[in-house]
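Trainee: compute the structure for the input listed below.
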Amino acid sequence: MADFKTNVMRFLDQKKIKYISHQYPVGDDIPTDGITVANFIKKDPSTVYKTLVTVGASKRNYVFVIPVAAQLDLKKCAKAAGEKNIEMIKQKELLPLTGYIHGGCSPLGMKKPFKTFFQQDVSSLETVTVSAGKIGHQIEIAPALILKLANARTADVIFSDN
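Mentor: Residues are numbered from 1 along each chain as shown. Sure, this is the predicted structure:
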């Protein structure tokens with residue numbers, strides 16, 4: 001399993017971009033929520049991000065990448081994307097649209113590029129961990145690199161704690 005490569009990992013290898021590969025166990029009785037994944041790979045959940053795909057009133061799709069414990073604020077997302085409103089896509093639309101399944105969606109290597117936003121705090125992290133495009137596999141990478149590779153910008157798109 002150690003030399004298993006996802007398409008995301010092959011893409012990064014091809015570009016000679018450094019990343020750390022993390023794996024976690026998968027199975028019917030193992031929860032795959034983001035906080036559990038962060039615990040399995042021994043990472044602070046604030047540095048492990050999930051990839052969420054949305055659709056705006058214009059029917060354009062947008063990708064938001066946020067900490068696993070956070071919740072997407074769709075009003076803030078709409079503002080960041082310049083849309084009247086935004087909603088999550090239906091789970092059954094994810095694979096045909098992105099090439100990824102729920103729980104294994106990466107901001108890198110989607111079928112086509114979408115306007116992508118990372119929660120603004122990502123830039124303050126030393127590294128960020130995201131899905132490597134397959135359940136059970138994550139990559140840890142420098143935020144500046146993934147922002148550039150995903151052609152992403154940052155915005156405040158999550159509910160605040162206060």
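
Trainee: excluding sequence neighbours, find me the nearest residue to the spatially most central residue of the chain.
Mentor: Nearest to the mean C-alpha position of the chain, by Cα atoms, centre = their mean, lies Thr51 at 2.7 Å. Sequence neighbours aside, Cys105 is the residue nearest to Thr51 in space, at 4.4 Å (criterion: Cβ to Cβ, 6 or more residues apart in numbering). Any C-beta I mention is one placed from the backbone N, CA and C, and that applies to glycine too.

Trainee: how close does that neighbour sit to Lys18?
Mentor: Counting by Cβ to Cβ, to the nearest Å, the separation of Cys105 from Lys18 is 22 Å.

Trainee: show me what contacts the residue nearest to the centre of the chain?
Mentor: Taking Cβ atoms under 8 Å, 6 or more residues apart in numbering, we find Thr51 in contact with 63-65, 100, 105-107, 130-131.

Trainee: cool, Tyr100 as well?
Mentor: By Cβ under 8 Å, 6+ apart, the neighbours of Tyr100 are 51, 94, 106, 110, 131, 133.

Trainee: in a strand, it, correct?
Mentor: No: according to DSSP: H, G, I helix; E, B strand; the rest coil, Tyr100 belongs to no strand; its state is coil.

Trainee: dihedrals phi and psi, it?
Mentor: Here is the backbone geometry of Tyr100 (degrees, to the nearest 10): phi -120, psi 150.

Trainee: how about Asn39?
Mentor: The phi/psi pair for Asn39 (degrees, to the nearest 10) is phi -60, psi -40.

Trainee: Ile139 should be in a strand, yeah?
Mentor: Yes: under three-state DSSP, Ile139 falls within a strand.

Trainee: what are the phi and psi values at the residue nearest to Ala80 when sequence neighbours are not counted?
Mentor: Counting by Cβ to Cβ, 6+ apart, the nearest residue to Ala80 once its immediate chain neighbours are dropped is Ala155, at 3.8 Å. Main-chain torsions, Ala155, degrees, to the nearest 10: phi -160, psi 160.
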